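Participant: Just need the structure, nothing else, for what follows:
(one chain, ligands or ions: 2)
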Amino acid sequence: MIKTPLVFAAISDFSGKLRGKSFPLADLEKRSDKGVGWTPTNVQITCFDKIAETPFGSLGDLLLVPDPETLVDIDYGDHDPSDRFVMGDIRELDGTPWSCCTRSLLKHALARLENLGGVKLVAAFEHEFQLDAPTPTFGEAYTHAGFQSQRRLGETLMGALDVAGMSTDTFMNEYGPDQFEVTVNPTDGLRAADNAAALREITRSVAKRLGERASFTPIRDPDNVGNGVHIHISFKDAQGSPTTYDRNGLAGMSQVTGSFVAGILKYLDSIIALTAPSDVSYLRLTPHRWSAAYNNLGLRDREASLRICPTSAQDEAGIARQYNFEFRAADAAASPYLALAAIVHAGAQGLEEGLAPPPVTQEDLSLLSSEDLNAKGYVRLPETLPEALARFEKNQVVRGWFPKEFSDVYLAHKRGELAYLGTMTVEERCDVYAKTY
Ligand code: GLU
Ligand code: MG
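Facilitator: Ligands and ions are numbered 1, 2, ... in the order given. As a prediction, this is how the structure comes out:
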């Protein structure tokens, strides 16, 4: 049969979905210059295919401009079509970044950090997902048998990520039923977000080819663990040398790391609406689920919002190269661009305010009374999406990091998403999110 190979130009928008338009692959260079037409109100399409309240209505025109360096082109060698897409920026017709372009917002945040701290951000997104198994697995957490049952999926996925230019790390059978985790190695901030957006698509595509369905929903079963997205962060200077670690710093944090981490913790309750942005995200962010429930820093503690990760090197230079911390209060309902932009701005704000490095918690914060928590400077993170949105809405510092129009559009989007859920039970909510992510 005849065919013209198409490439899909995409943006991971407020819903965390990859939306865009396709055109002939042969036109990629031309389109990287002139873009493809885009409509402002598209940003208000929620994950449930409803258009939330929109200030744009049917008016306006934008351009989705692909960045050819992000081209993913995977021929799986089966008879199904290739995965072929490219990430892009949304611009006004005059070429300036659009206020609600998630990728442009991340670029701006990274530039702010570089200006303030003289460092470049390096990141890696660690993803958990679950397969819709006809009979959920039992007794297979972390087992070889559980891994073996999806070895083919793991091997195909790692092969595809490799072709997509990612440096693959691990694939494993996680603790939850039919839950798997895939990790890739760190890279520059923008590319890490490009990779995260691509990895979710590729994982779904690989699963589908093998007759499975992969879901990145934040939580499938309220009585079980969730699917987290853990964002590993480190810094390097202009010469590319690591600057995250200082042997004399508190818990090994360099000055820039200490202030950055303190900024994230200070603003966490107000940015979580951007990093864990679904209704069911807050079922996951509860104590004893190895996710994140308080604005604390832990040393190798998987219950902390920010965790200083272990290093295995025995020499100082090796430790400095490996040293990183991870943000655990994120999930895949969030656009990786928006989640990372919010984290980077919060960290940069910590640098701007010259915040001191925060203490490392050693205790189970869920056992403290709210007075004791307050006395120690901790807060319980918002327990519902409406509460998280209200904190974001009220925080003028956080809103000030983004273009003027952005916050109200984002809030309207998320409130439109909540309206769809109406009076659904918790189980029904988990179900619709499992279907859409
Ligand atoms: N599933 C946990 C989460 O929701 C993470 C488990 C782990 O530490 O990898 O974040
Ligand atoms: Mg995990």
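
Participant: Quick check: bridge partners of the spatially closest residue to A192 that is not a sequence neighbour?
Facilitator: Excluding the flanking residues, the one nearest A192 by CB to CB, 6 or more residues apart in numbering is A123, at 3.8 Å. C-betas here are computed from N, CA, C, even on glycine. Taking DSSP bridges as the rule, A123 bridges to T187, I233.

Participant: Wait, A123 touches L190, no?
Facilitator: No - using CB atoms under 8 Å, A123 is not in contact with L190; the gap is 9.2 Å.

Participant: Looking at these two, which one has more neighbours?
Facilitator: When A123 and L190 are compared on other CB atoms under 10 Å, the one with more neighbours turns out to be A123, at 26 against 21.

Participant: so what's A133 closest to, chain neighbours aside?
Facilitator: D178 (4.5 Å).

Participant: how near is the residue nearest to A192 to G189?
Facilitator: 5 Å (CB to CB, to the nearest Å).

Participant: residues shared between the contacts of those two?
Facilitator: Counting by CB atoms under 8 Å, 6 or more residues apart in numbering, the residues touching both A123 and G189 are L340.

Participant: Quickly note the distance from the nearest residue to R204 once chain neighbours are set aside to L250.
Facilitator: Leaving aside its sequence neighbours, R204 sits nearest to A214 (CB to CB, 6+ apart; 5.1 Å). Per CB to CB, A214 is found 40 Å from L250.

Participant: More neighbours: which of the two?
Facilitator: Just comparing A214 and L250: by other CB under 10 Å the higher neighbour count belongs to A214, 23 against 15.

Participant: Give me the pLDDT for the more buried one.
Facilitator: A214 carries a pLDDT value of 98.

Participant: ok, now which ones touch the residue most central in space within the chain?
Facilitator: Central residue of the chain (CA atoms, centre = their mean): P336, 3.4 Å from the mean position. Neighbour list for P336: S12, G16, F125, A192, A193, A196, A197, V229 [criterion: CB under 8 Å, 6+ apart].

Participant: That one and N195, how far apart?
Facilitator: When P336 is compared with N195 (using CB to CB), they lie 8 Å apart.

Participant: Residues that sit against both of those two, list them.
Facilitator: Shared contacts of P336 and N195, counting by CB under 8 Å, 6+ apart, come down to F125.

Participant: burial of the one residue in the chain that gets nearest to ligand 1, as a residue count?
Facilitator: As assessed by CB to the nearest ligand atom, ligand 1 sits closest to G228 within the chain, at 2.4 Å. As a burial measure, G228 scores 28 neighbours (other CB under 10 Å).

Participant: So which elements touch whichever strand or helix holds E393?
Facilitator: Assigned by DSSP states H and E, E393 belongs to helix 385-394. Using 3 or more CB pairs under 8 Å, 6 or more residues apart in numbering; DSSP states H and E, the elements in contact with helix 385-394 are helix 255-275, helix 281-284, helix 396-400, helix 404-421.

Participant: which SS state does the residue nearest to E126 when sequence neighbours are not counted fall under?
Facilitator: Nearest residue to E126, sequence neighbours excluded (CB to CB, 6+ apart): H230, at 4.3 Å. Using DSSP: H, G, I helix; E, B strand; the rest coil, the structure places H230 in strand.

Participant: Using neighbour counts, pick out the buried residues of the helix or strand containing L157.
Facilitator: For L157, the host element (DSSP H and E) is helix 151-163. Residues of helix 151-163 classed as buried: L153, G154, T156, L157, M158, A160, L161, V163 (neighbour count, 16 or more other CB atoms under 10 Å).

Participant: Output those residues in JSON lines, with pLDDT and distance to Y294 appended to each entry.
Facilitator: Shown next, in JSON lines, are those (pLDDT from 0 to 100; distance: CB to CB, whole Å):
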{"residue": "L153", "pLDDT": "97", "distance to Y294": "35"}
{"residue": "G154", "pLDDT": "98", "distance to Y294": "34"}
{"residue": "T156", "pLDDT": "98", "distance to Y294": "39"}
{"residue": "L157", "pLDDT": "98", "distance to Y294": "34"}
{"residue": "M158", "pLDDT": "98", "distance to Y294": "35"}
{"residue": "A160", "pLDDT": "98", "distance to Y294": "37"}
{"residue": "L161", "pLDDT": "98", "distance to Y294": "33"}
{"residue": "V163", "pLDDT": "97", "distance to Y294": "40"}
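
Participant: And those, which is closest to A320?
Facilitator: L161 (27.3 Å; CB to CB).

Participant: Now do the same contact list for that closest one.
Facilitator: L161 touches T168, V182, V184, L199, I202, counting by CB under 8 Å, 6+ apart.

Participant: For T102, see how far away the nearest residue to R391 once chain neighbours are set aside is.
Facilitator: Nearest non-adjacent residue to R391, counting by CB to CB, 6+ apart: S270, 4.6 Å away. Separation of S270 from T102 (CB to CB) stands at 18 Å.

Participant: Neighbour count: those two, which is higher?
Facilitator: T102 (29 against 22).

Participant: what residues does the stretch 51-200 of the chain put near ligand 1?
Facilitator: E128 (CB under 6 Å from any ligand atom).

Participant: mind listing the helices for the stretch 51-200 of the chain?
Facilitator: Using DSSP state H, counting those that start in this stretch, the helices of the stretch 51-200 of the chain run over 102-117, 144-149, 151-163, 189-209.
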